[in-house]
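Chemist: dropping the sequence and predicted coords here.
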Amino acid sequence: MPQNPRECPDFFARHQPLLDRAVAATASRDHWTPYPESPSKFVYGEDAAKNGEAAFLDRVGGHFELPGHPGSGVVPATETSPYGFALGITYPRVFPEEAVAAAKAATGAWRDAGPDTRAGAAAEILARLNAASFEIAHAVQHTTGQAFVMAFQAGSPHAQDRGLEAVAYAWAEQKRHPVAARWSKPQRKGGPLVMDKKFTPVGRGVALLIACNTFPTWNGYPGLFASLVTGNPVVVKPHPGAVLPLAITVRIAREVLAEAGFDPNLVVLAAESPEERTASVYALHPDVRIIDFTGSTAFGDWLEANARQAAVYTEKSGLNTVVLDSTDDYRGLLGNLAFSLSLYSGQMCTTPQNLLIPREGFATDQGMKTADEFAADLGAALDRLLGDPARAAGTLGAIVGDGVRERLERAARLGRTVRASAPIEHPEHPEAVVRTPLVARLDAEADRETYTREWFGPVSFVIGTDSTRHSLEIFRETVREHGALTEPSTPPAKRCWPPPSRRHWTPECNCRRTSPAGSSSTSPPLSVTSTAAPPTRPPAPPSPIPRSSQAASRRCSRAGPFLSRSPPMPDEVFLIDGARTPQGRYGGVLASVRPDDLAALVVGEAVGRAGVPGEAVDEVILGAANQAGEDNRDVARMAVLLAGLAETVPGYTVNRLCASGLTAVASAAQAIRSGEADVVVAGGVESMTRAPWVMEKPGTPWAKPGEVHDTSLGWRFTNPRFAAADRAVPAGAGPETTKLTLSMGQTAEEVAALDGITRADSDAFALRSHQWAVAAQEAGRLAQEIVPVPVRDGEVTRDEGPRPATTMEKLGALRTIFREGGIVTAGSSSPLSDGAAALVVASAAAVERYGLTPRARIVTSASAGVQPNLMGLGPVPATEKALARAGWRTGDLDAIELNEAFAAQALAVIRRLKLDEEKVNADGGAIALGHPLGCSGARILLTLLGRLEREDARRGLATLCVGVGQGVAMLVERV
């Protein structure tokens, strides 16, 4: 029981009518709320708005005090308002071990107090939060970018509704069981057997609330209050960019708990700086038994797989979709959609991105409306809504970061723009970036790669489909692949009650319906969500624990006492997004562009597409095979400076010849897994056209100039010992005999001779490469990878290599060039090329911190050595090694990108690994697209990501052979 109960207020008696009414509302589902959503002075009082703003401003630039809070030290100020100023607020620092220990120590009296006392205290906390609604609203506005009205409604009364709903369910569930009961059984002789029973609901343990930066209170209050009322202390870990709203919440909760006679450390604030990674540390703590998480799919999946000591409740990101079939109020539909698209500039996790409508139209009260007509009408509705600049500024809110702006700019190049995004000047905050939503018209088939990605910004697509059935099929596919957070065309799902044994309840919203800010008539009781799935954690799978879970468990068992200052090394490495240039022929369309400029272009574009802040990049790693000309001064570092990244971002260049780009990505993954980096940009570049001539430097002064070499390809300055070894090889020695200094074409002839590859086989494979590359170009499948390259006469947007007119006859007429009687021709070899590619590689912590959307995870990579004269076979042992590490077989691979140095070499690899040829290079390969040496590894990996998404595939392989006898392979899995 509470200390000195006679001296403590009876919060349960004060709020019992409220609790009874709330429980009744959960049963009836009628609209009812005790927290008015209108920020009117007639509701909250004449001075409430003024006092709330003043309270917020008093906190700006100061230290947030939490008396009696555990820990010591200060978390530095990092929060910045999207409206153009730094909040400058510091917070108490507490390390995970200290926070969990303090929360656990506070549990006893709270657990023994019983459901009524706990529910009364929770109701009092909510009442005081409601009184502080204006202060919290300003905190939400200036950490999330929401317009004030929306920040008020969603951040205060609507969030309080959700908190009260959690209190009502948790309190009622515990009250279903009697506090005491008498069990009596008659006996033949003597009196009956009597047993007096007492029932005490017992909490699970310390609860961890990991909040998001979009709706910190709206998504955070259900878990906070459900855990408290069921007897569990709570560690609140806000997003580093949105600490203040939950810090105010924690302060009020601690004040109420102390007044009620309980230890205020029942609620602890775990603030952190953006570069810290304490979420995973807290999640694996053995005393953390409940985790409530809202945020990225990647980190949510990680929690579900690794935090096995806890009941994990996750609400993860997804693609928001509206399926349009018919309406009897077309004008109202347009108005509601225009408002939904505009709210918070589309940065809400519930803003519709994809509007699926049959191309031929859908039935309305104004007759049939085609997809094109609907798109035009929606643009007009947006014009009406946002025509008043003041109303537009109050609705749209502020863009929260560079990533959103960059995605908006990219979206402007997609499909057919129906309504372009336009800037709006905010009347009170001129420094804020406010943009109207962009609406583009897409096609379900042609633009699949675009709309199956989450854009998370003021971007929406009107997507023409074959029929409503087709729309629903697309909806189901995107839900399966990415999750769904909204489906306004369906009725509310029935709420699934928690089982009696569960003492913690949190809404798990796979399907969320959100009322427009300013609309009260559609709000369900207490909450603006309807749950579509029971809030239960799936049972642990019967299969062995995943590798990452085993690693985490081993770390904990080795470490002994839990070390709060040593977070576990991240196991998961994700590929976020990337970009590449078109690939130009030798002396072709990119001949005028320096390699460092090519590299800078893709590095900057990759960072923009990934949506990661430039200052968050820890390293840039690029591969380059030449490094003798304009790329000689560490081209990765030059790309950092030319791309406009911060001077503090380091960069280094790797050289593994043809596999340099893939090796750069593997190096990035290794840095992340070792804990040395969180965000790395990796890729490669090569301009074989601009590779310089070099000349040997004489060994003695004043000697005549030495031999001049073209550095575009192949051996130069060969070690005399290699040459001597080759001279000792008997004439006519077969491919089984090692030879060290053969040209790349000669090694392909060796492989062909060893594996029986014929001229017809080789030419047919080369023809396939061109045909499939041309088909991919015409279908636009490669366009999404490419960032246009500015040149003197305009810009280059397509790969230059694919030849639509290629035929077997033309290939057969080419002469062999590397061996008399051989099979390798220029037509069955990859051409010298120019190009660059880069991808953003990130840890799970970075994915959570910056709200990134990964496209795949890197499972493993491997390299292997082979005879230099059989270098084309290098992918075989490298792939076998990688498959063994992952526990996969070749039959598990859904898509394969194999660099086509030569047709003969590629065929030999396919046959030796027993690969399904239909899965290999489905969009053409290097024979058609080109092979800029340092770039190719990154290019095939980026192409592989696109194929996995388009083909609804899961597992992929990227692999290359390497000159001087090596192979490199990487396995990825789509997420």
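Modeler: The structure has been received and is ready for your questions. The shown structure was predicted, so the numbers you read here are calculated from the model rather than taken from an experiment.

Chemist: so after the helix or strand bottoming out on mean pLDDT in the chain, what's the next helix or strand?
Modeler: Lowest by mean pLDDT, DSSP states H and E among the helices and strands of the chain is helix 547-559, with a mean of 26. Following helix 547-559 in sequence order, the next helix or strand is strand 573-580 (DSSP states H and E).

Chemist: off-centre distance for the one helix or strand His158 maps to?
Modeler: Using DSSP H and E, His158 maps to helix 157-175. Helix 157-175 sits 31 Å away from the centroid of its parent chain (C-alpha atoms, centre = their mean, to the nearest Å).

Chemist: same check on stretch 806-815?
Modeler: Distance, centroid of stretch 806-815 to centroid of chain: 46 Å (C-alpha atoms, centre = their mean).

Chemist: buried residues in it?
Modeler: Buried residues in stretch 806-815, counted by 16 or more other C-beta atoms under 10 Å: Thr806, Leu811. In short, each C-beta sits where N, CA and C put it, glycine included.

Chemist: pull the residues that contact that stretch.
Modeler: For stretch 806-815, the surrounding residues in contact (C-beta atoms under 8 Å, 6 or more residues apart in numbering) are Arg759, Asp763, Ala764, Ala766, Leu767, His770, Gln771, Thr825, Ala826, Gly827, Ser828.

Chemist: which one (most neighbours) among those residues?
Modeler: With neighbours defined as other C-beta atoms under 10 Å, the most crowded of the contacts of stretch 806-815 is Ser828; it has 31 neighbours.

Chemist: ok, that one to Ser769 distance?
Modeler: For Ser828, the distance to Ser769 (C-beta to C-beta, to the nearest Å) stands at 9 Å.

Chemist: low-confidence stretches in this protein?
Modeler: 1-6, 349-350, 480-571, 714-715 (pLDDT under 70).

Chemist: what sits in contact with each of Ser828 and Ser769?
Modeler: Common neighbours of Ser828 and Ser769 (C-beta under 8 Å, 6+ apart) are Ala903, Ile927.

Chemist: thinking again about what came up before, distance between the very next helix or strand once past the helix holding His158 and the chain's centre?
Modeler: The helix or strand immediately downstream of helix 157-175 is strand 180-185, counting by DSSP H and E. Put simply, strand 180-185 sits 55 Å off its chain's centre (C-alpha atoms, centre = their mean).

Chemist: ok, now stretch 450-467?
Modeler: 17 Å.

Chemist: list the buried ones in it?
Modeler: Neighbour-count burial for stretch 450-467 [16+ other C-beta under 10 Å]: 450-465.

Chemist: mind checking which of these are in helices?
Modeler: Thr450, Tyr451 (DSSP state H).

Chemist: closest one of the buried residues of stretch 450-467 to Ala99?
Modeler: Phe456 (30.4 Å; C-beta to C-beta).

Chemist: I'd like the next helix or strand past the helix or strand hosting Gln777.
Modeler: Element membership of Gln777 [criterion: DSSP H and E] is helix 759-779. Heading C-terminal from helix 759-779, the first helix or strand you meet, by DSSP H and E, is strand 789-791.

Chemist: buried stuff in that next one?
Modeler: Val789.

Chemist: residues in contact with the closest residue to Ala13 other than its chain neighbours?
Modeler: Counting by C-beta to C-beta, 6 or more residues apart in numbering, Ala13 lies nearest to Gly120, which is 7.3 Å off, once chain neighbours are set aside. Residues near Gly120 by C-beta under 8 Å, 6+ apart: Asp10, Phe11, Phe12, Ala13, Arg14, His15, Gln16, Leu19.

Chemist: list the buried residues for the helix or strand hosting Gly120?
Modeler: Secondary-structure element containing Gly120, defined by DSSP H and E: helix 115-131. Neighbour-count burial for helix 115-131 flags 115-127, 129-130 (criterion: 16+ other C-beta under 10 Å).

Chemist: centroid-nearest residue for this structure?
Modeler: Computing the C-alpha centroid of the chain and ranking residues by C-alpha atoms, centre = their mean puts Thr853 first, at 1.9 Å.

Chemist: confirm for me that that one is in contact with Phe574.
Modeler: No. In this structure, Thr853 is not within contact of Phe574 by C-beta atoms under 8 Å, at 9.4 Å.

Chemist: would you confirm that Asp678 contacts Val617?
Modeler: No. Using C-beta under 8 Å, Asp678 is not in contact with Val617; the gap is 9.2 Å.

Chemist: what count of nearby residues applies to the nearest residue to Ala669 once chain neighbours are set aside?
Modeler: Using C-beta to C-beta, 6+ apart and skipping residues adjacent in sequence, the residue nearest Ala669 is Val573, 4.4 Å away. Val573 sits with 26 neighbouring residues when counted by other C-beta under 10 Å.

Chemist: who's in contact with Val573?
Modeler: Counting by C-beta under 8 Å, 6+ apart, Val573 touches Ala668, Ala669, Ile672, Arg673, Val841, Ala842, Ser843, Arg857, Ile858.

Chemist: cutoff 10 Å now
Modeler: Val573 makes contact with 665-666, 668-673, 680, 841-844, 846, 854, 856-860, 972 under the criterion C-beta atoms under 10 Å, 6 or more residues apart in numbering.

Chemist: filter those down to the buried ones.
Modeler: In those, the ones that pass as buried (16+ other C-beta under 10 Å) are 665-666, 668-669, 671-673, 680, 841-844, 846, 854, 856-860, 972.

Chemist: remind me which helix or strand Ala639 belongs to.
Modeler: Per DSSP H and E: helix 635-643 holds Ala639.

Chemist: any idea how far that helix is from the middle of the chain?
Modeler: The answer for helix 635-643 is 25 Å, by C-alpha atoms, centre = their mean.

Chemist: list the helices and strands that helix packs on?
Modeler: On a contact count with 3 or more C-beta pairs under 10 Å, 6 or more residues apart in numbering; DSSP states H and E, helix 635-643 meets helix 595-610, strand 619-623, strand 651-654, strand 679-687, strand 833-843.

Chemist: distance to Glu173 for these - can I get that in CSV?
Modeler: CSV is the format used below for these (distance: least, C-beta to C-beta, whole Å):
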stretch, distance to Glu173
helix 595-610, 43
strand 619-623, 50
strand 651-654, 56
strand 679-687, 43
strand 833-843, 38
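
Chemist: out of the ones you listed, the one nearest Pro358 is which?
Modeler: Among those, helix 595-610 sits nearest to Pro358 (C-beta to C-beta), with 30.9 Å.

Chemist: what sits against the residue of the chain positioned farthest from its centre?
Modeler: Here the chain reaches farthest from its C-alpha mean at Lys189, the gap being 71.5 Å by C-alpha atoms, centre = their mean. Applying C-beta under 10 Å, 6+ apart to Lys189 gives no contacts.

Chemist: for the one 5 residues further on, same thing?
Modeler: With contacts taken as C-beta under 10 Å, 6+ apart, Val194 has the following neighbours: Arg182, Trp183, Ser184, Lys185.

Chemist: looking at these, which one is closest to Glu900?
Modeler: Using C-beta to C-beta, the contacts of Val194 come closest to Glu900 at Trp183, 78.1 Å.

Chemist: now do the same contact list for the closest one.
Modeler: Pro192, Leu193, Val194, Met195, Asp196, Lys197.

Chemist: tell me which of these is nearest to Ala166?
Modeler: Lys197 (28.4 Å).

Chemist: correct me, but that closest one touches Ala181?
Modeler: Yes. With contact defined as C-beta atoms under 10 Å, Lys197 counts as touching Ala181 (4.8 Å).
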